[in-house]
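S.K.: Show me how the following folds:
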Amino acid sequence: MHRTPIDFRCKKCRALLAKHDSDGLAIRRGDMQTTVTGTDFTVSVTCYRCRTLNVVTSSMRSAPATSVPLSRPTAA
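M.R.: Here you go, the predicted model:
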């Protein structure tokens, strides 16, 4: 997994929506916190600032176990 967190930002206003590291995908806003773990997931996040829908996908391909390809937020 990732040693250095990868920031996921809104595709429209660039607000920070989530971070992905070795612990999983972390989404925090105020007192609310969610962590998504595992190698295959898709998470839809509506931006708290501009209300744009963003999608984060992680899937394990036939790459080494230490590599988890992630896509940048995209439209749903």
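S.K.: okay, CA-based contacts and neighbour counts for the rest of this
M.R.: Fine.
S.K.: which one is S59 nearest to, not counting chain neighbours?
M.R.: D40 (4.2 Å; Cα to Cα, 6 or more residues apart in numbering).
S.K.: how much space is there between the one you found and F8?
M.R.: Applying Cα to Cα, to the nearest Å, the value for D40 to F8 is 17 Å.
S.K.: Same drill for these two, tell me which one is more crowded.
M.R.: F8 (22 against 14; other Cα atoms under 10 Å).
S.K.: Tell me which helix or strand the more buried one sits in.
M.R.: strand 6-9 (DSSP states H and E).
S.K.: Show me what that strand is packed up against.
M.R.: strand 16-21 (3 or more Cα pairs under 8 Å, 6 or more residues apart in numbering; DSSP states H and E).
S.K.: How about residues contacting the strand it packs on?
M.R.: Contacts with strand 16-21, where a contact means Cα atoms under 8 Å, 6 or more residues apart in numbering, come from 1-10, 25-28, 45, 47.
S.K.: Relative to S58, which of these is nearest.
M.R.: L25 (9.5 Å; Cα to Cα).
S.K.: thinking the closest one is in contact with T35, fair?
M.R.: Yes - with contact defined as Cα atoms under 8 Å, L25 reaches T35; the gap is 5.4 Å.
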